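Peer 1: sequence plus predicted model, see below.
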Amino acid sequence: MSHTSMDPTKMGVGRSIAVLTSGGDAQGMNAAVRATVRVGLYTGAKVYFVHEGYQGLVDGGDNIRPATWESVSMMLQLGGTVIGSARCMDFRGREGRTKAALNLVKLGITNLCVIGGDGSLTGANQFRTEWSTLLIDLLKAGKTDCSPAGHAVPPGFKSCKWLGFKSLDTTTYYSNSLHKVRERRTSIDVFLLFLLIHQCNLTLFIIKHWLLFLLSLVRFRNSHQRTFILEVMGRHCGYLALVTALSCGADWVFVPEMPPEEGWEEHLCRRLANQRARGCRLNVIIVAEGAMSRDGNAISSEDIKKLVEKSLGFDTRTTVLGHVQRGGTPSAFDRILGSRMGVEAVMALLEATPETPACVVSLSGNQAVRLPLMECVQVVSVPHRLGSQAEESFENNWNTYKMLAHINPPDTKSNINVAILNVGAPCAGMNAAVRSAVRIGIIQGHNMLAVHDGFEGLAHGNIEPITWTGVSGWTGKGGSELGTKRVLPSKYIEEISLTIAKFNIHSLVIIGGFEAYVGGLELVTAREKYEELCIPMVVIPATVSNNVPGSDFSIGADTALNTITSTCDRIKQSAAGTKRRVFIIETMGGYCGYLATMAGLAAGADAAYIYEDKFSIRDLETNVEHLVQKMKTDVKRGLILRNENCNANYTTDFIFALYSEEGKGVFDCRKNILGHMQQGGTPTPFDRNFGTKMGSKAVLWITEKLKEVYRHGRIFANTPDSACLLGMRKRALTFQPLADLKDQTDFEHRIPKTSWWLKLRPIMKILAKYNIPLDTSEHAHMEHVIKKKLSVPEPLMK
């Protein structure tokens, strides 16, 4: 958010914002509508709903209605758009746009927030361009006495539009913005705020939908041997298809950005035949709807089906789900992205000056960024063209998939033994990281060793070789297939060093939570005494608590967050029936409040108590009074989240008793302790892909580090940079020496000393109608989009 000296609660005084959704619907639209309405009201602006998209803007009347705080309650968990959407032919003509302009002028609307796709952008952009001439036409016709200059407040004011954009990706974010998403920003005399989440949030849900479908196929494979060809949405963008293929371990994927090499038909059939010969009963082929060959001919799922049946005689089925992919409940990320960027976009709109260039407000990594509108328009207007960030992200995904699915292990071995172990509590996505690490290691020629039961298993020699097929199907499995324990290596250092020598282990991949980080530090410290520990080590953060220093995100946290969010949805639904009820929910996380805070933002909580944000009995009393006032409105329910270790005295039972007593006669209270259900479940698309990329990158780093430390016929690594933690920092995956992270760690409470997500807590409180200051000191810097054409790859395999 850009810096401003103006009081945020008065920035919108005298402004009127209209919100509409246009074109195809997508998950997360309602979160954006909710955030735009509530932050608009928070700033003092009037806010209007425009029902049925541009058609409602043209027809006016009851289609444009005032929005209230309560009118956007209970919509976070709803898919689609509650204010309706329509494809409007009338708006394409100047007469229709003139009617729309008149309706805006009559109501004094100065800002327009459009949530939609490319068609919505085109219409809004044209509307902005013509605004002055439309007002002149209305003035000449005597339908308004408002001149173009008089209706611009202030003249030349720029607008903001956001979308989950092609230039951004989940692993550079969290996600990441997963995206072929398009949000841009444009200037308009009527002050157009264009919020484009259309395909950004749709991406995550479609991937999740496909994974659930594929999971049913995997269970089905025990009965039949079949090949399934799945056609995925995406038009000219293959992001959905590629990430789905990575998430489910597909045998082949066709995407428009990377046309297959000549002779792909023979290669595909050989690949499927080899997989079937290895005992694989299920083959999966993913096809993007815009896939084509290098000569420009379309590749359809039916063409592939005929090829497989004719060449191999395999029983083959084709599935095209179509618009079923659009429906469903938004994920936690969809809601947080919609809410966060809705707030950012409104603030950017109100903070802008006449000199502010039109731009896109979007998300890259966990950072808000602004991109020049015209550069973004040029990028997405040409098929198969991406920004520099998008190209790098897409090619990273492509190369990872290519290595895991197409490259055969070398005939010669490197004689390097790499051991992999899980440490700490189990979490979803651990197995995906193990699978990726094992297969990339085998491709590099290494011998991969599986260590069971963490450091304790390493000490006792509970180790066995793990093969390519040994990790088949692990991507979609929750928990830890290797077995994991919280035991630290300090009391087993001598036994561990002996085991490393016995099995001739040359490097360690440690996947786990805070215990994995601390255990890595203990091994590094013990290097002075035990030379066997002078080997490259890498720690991959994997914990639901997301409390590992050196990484903004941990594998497993997204799955836990979605579990909490969906549970809160069910609890809120029950409260909607009983009325006047407040639920207090305890979440995991140890002393880290990430889950409570982000789940509070995703589920629309009234408060979230965490250790990092100190609170007192006066704060609890304020929250109770807030709920008492809330029960006087049409929204007669409350949701309070509490991190399990937020305060030793203000326990869940204490808060429950306090709320029950102080709310007596106004509301009753219930409590829920979610417990270990937060550690289980099928990994989300993000955790699958994040784990896959982390495992792959870790082993590739180890391979290079082994080359560096191999001297005089032996491996000896005792420098700080030979034992690193692989983490996501803002937009990049980086390797940081474990020793360098000690100063960033609160070891007593097992949390980092600083956390980026704490800056989101004011947003949660404002959306819950607390009148608190909104910090706008964090700048979203302007960046440029570099257009690049994705290079056509060399043949996957000779």
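Peer 2: Structure's in. What do you need? Numbering: from 1, shown residues only.

Peer 1: burial check on residue 658, number of neighbours?
Peer 2: 18 (other C-beta atoms under 10 Å). (Glycine included, C-beta is placed from N, CA and C.)

Peer 1: for residue 14, same thing?
Peer 2: Using other C-beta under 10 Å: residue 14 sits among 12 other residues.

Peer 1: tell me how far it lies from residue 646.
Peer 2: 41 Å (C-beta to C-beta, to the nearest Å).

Peer 1: now tell me which helix or strand of the protein has the poorest mean pLDDT.
Peer 2: Ranking every helix and strand in the chain by mean pLDDT, DSSP states H and E puts strand 160-163 at the bottom, with a mean of 38.

Peer 1: neighbours around the residue lying closest to residue 588 once chain neighbours are set aside, how many?
Peer 2: Nearest residue to residue 588, sequence neighbours excluded (C-beta to C-beta, 6 or more residues apart in numbering): residue 678, at 4.9 Å. Residue 678: 26 surrounding residues under other C-beta under 10 Å.

Peer 1: could I get the contacting residues of residue 678?
Peer 2: Counting by C-beta atoms under 8 Å, 6 or more residues apart in numbering, residue 678 touches 544, 560, 563, 564, 587, 588, 595.

Peer 1: change it to 10 Å
Peer 2: 425, 427-428, 544-545, 556-557, 559-564, 567, 587-589, 595, 599 (C-beta atoms under 10 Å, 6 or more residues apart in numbering).

Peer 1: just these: which are in helices?
Peer 2: Using DSSP state H, the members of these that fall within helices are 557, 559, 560, 561, 562, 563, 564, 567, 595, 599.

Peer 1: buried stuff in the helix ranked longest in the chain?
Peer 2: Identified as the longest helix of the chain according to DSSP H is helix 685-709. For helix 685-709, the neighbour count (16 or more other C-beta atoms under 10 Å) marks 685-703, 705-706, 709 as buried.

Peer 1: for stretch 125-132, same thing?
Peer 2: For stretch 125-132, the neighbour count (16+ other C-beta under 10 Å) marks 125, 127, 128, 130, 131, 132 as buried.

Peer 1: for the helix or strand that contains the last one, the averaged confidence score.
Peer 2: The secondary structure element spanning residue 132 is helix 118-140 (assigned by DSSP states H and E). Computed over helix 118-140, the mean pLDDT rounds to 81.

Peer 1: quick one: it to chain centroid distance?
Peer 2: Distance of helix 118-140 from the chain centroid (C-alpha atoms, centre = their mean, to the nearest Å) equals 34 Å.

Peer 1: I'd guess residue 614 is in a strand, am I close?
Peer 2: No - Residue 614 is assigned coil when assessed by DSSP: H, G, I helix; E, B strand; the rest coil, not a strand.

Peer 1: dump the residue contacts of it.
Peer 2: 646, 647.

Peer 1: how about it, phi and psi?
Peer 2: Phi and psi for residue 614, reported as degrees, to the nearest 10, are phi -60, psi 140.

Peer 1: pLDDT score assigned to it?
Peer 2: Predicted confidence (pLDDT) for residue 614: 96.

Peer 1: would you mind measuring from it to residue 764?
Peer 2: Noted for residue 614: a distance of 16 Å to residue 764, by C-beta to C-beta.

Peer 1: repeat for residue 740
Peer 2: Between residue 740 and residue 764 the distance is 32 Å, computed by C-beta to C-beta.

Peer 1: packing partners for the helix or strand harbouring residue 435?
Peer 2: Per DSSP H and E, residue 435 falls inside helix 430-443. Applying 3 or more C-beta pairs under 10 Å, 6 or more residues apart in numbering; DSSP states H and E, we find helix 430-443 packed against helix 239-248, helix 388-405, strand 417-423, strand 447-451, strand 507-512, strand 537-541, helix 685-709.

Peer 1: looking at the ones you listed, which is nearest to residue 485?
Peer 2: Nearest of the helices and strands packed on helix 430-443 to residue 485, taken as C-beta to C-beta: strand 417-423 at 7.3 Å.

Peer 1: now that closest one, how far from the centre of its chain.
Peer 2: With C-alpha atoms, centre = their mean, you get 28 Å for strand 417-423.

Peer 1: need the contact list for residue 757.
Peer 2: Applying C-beta under 10 Å, 6+ apart, we find residue 757 in contact with 174, 336, 366, 546, 552-553, 592-594, 597-598, 601, 612.

Peer 1: now do the contacts for the residue lying closest to residue 76 once chain neighbours are set aside.
Peer 2: Excluding the flanking residues, the one nearest residue 76 by C-beta to C-beta, 6+ apart is residue 604, at 4.9 Å. Residue 604 makes contact with 31, 34, 72-77, 335, 339, 565, 568-569, 572, 635, 639, 764, 767-768, according to C-beta under 10 Å, 6+ apart.

Peer 1: narrow these to those in strands?
Peer 2: residue 639 (DSSP state E).

Peer 1: rewinding a little: the longest helix of the chain vs strand 537-541, what angle?
Peer 2: Angle of helix 685-709 versus strand 537-541, following axes from the mean of the first three to the mean of the last three C-alpha atoms, to 10 degrees, is 170 degrees.

Peer 1: so where do the helices sit in the stretch 651-798 of the chain?
Peer 2: Under the criterion DSSP state H, counting those that start in this stretch, helices of the stretch 651-798 of the chain are mapped to 652-662, 685-709, 761-767.

Peer 1: give the other helices and strands that the last one contacts.
Peer 2: Yep, that's helix 761-767 we're talking about. helix 29-42, helix 332-351, helix 594-603, strand 607-609.

Peer 1: by mean pLDDT, show me the worst of these.
Peer 2: For the helices and strands packed on helix 761-767, mean pLDDT drops lowest on helix 332-351, to a mean of 84.

Peer 1: just the pLDDT at the residue nearest to residue 588, thanks.
Peer 2: pLDDT for residue 678: 91.

Peer 1: the one 3 residues further on now?
Peer 2: Turning to residue 681, the model gives it a pLDDT of 87.

Peer 1: just to check, it is in contact with residue 567?
Peer 2: No - judged on C-beta atoms under 10 Å, residue 681 makes no contact with residue 567 at a distance of 11.1 Å.

Peer 1: what's the spacing between the residue lying closest to residue 77 once chain neighbours are set aside and residue 474?
Peer 2: With sequence-adjacent residues excluded and distances taken as C-beta to C-beta, 6+ apart, residue 77 is closest to residue 569, at 4.4 Å. Residue 569 sits at a distance of 29 Å from residue 474 (criterion: C-beta to C-beta).

Peer 1: which strands or helices does whatever helix or strand residue 625 lives in pack on?
Peer 2: Element membership for residue 625, per DSSP H and E: helix 617-630. Under the contact definition 3+ C-beta pairs under 10 Å, 6+ apart, helix 617-630 sits against strand 581-587, strand 607-609, strand 637-643, helix 652-662.

Peer 1: mind putting the ones you listed into TSV with distance to residue 398?
Peer 2: Putting those into TSV (distance: least, C-beta to C-beta, whole Å) gives the following:
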stretch	distance to residue 398
strand 581-587	37
strand 607-609	39
strand 637-643	39
helix 652-662	47
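
Peer 1: quick revisit: any chance of the helices and strands packed on helix 761-767 in JSON lines, plus mean neighbour count and distance to residue 752?
Peer 2: Formatted as JSON lines, those follow (neighbours: other C-beta atoms under 10 Å; distance: least, C-beta to C-beta, whole Å):
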{"stretch": "helix 29-42", "mean neighbour count": "27", "distance to residue 752": "27"}
{"stretch": "helix 332-351", "mean neighbour count": "27", "distance to residue 752": "20"}
{"stretch": "helix 594-603", "mean neighbour count": "28", "distance to residue 752": "10"}
{"stretch": "strand 607-609", "mean neighbour count": "26", "distance to residue 752": "18"}
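
Peer 1: want to try a markdown table for these, with distance to residue 656 as columns?
Peer 2: Shown next, in a markdown table, are the helices and strands packed on helix 761-767 (distance: least, C-beta to C-beta, whole Å):
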| stretch | distance to residue 656 |
| --- | --- |
| helix 29-42 | 28 |
| helix 332-351 | 25 |
| helix 594-603 | 16 |
| strand 607-609 | 12 |
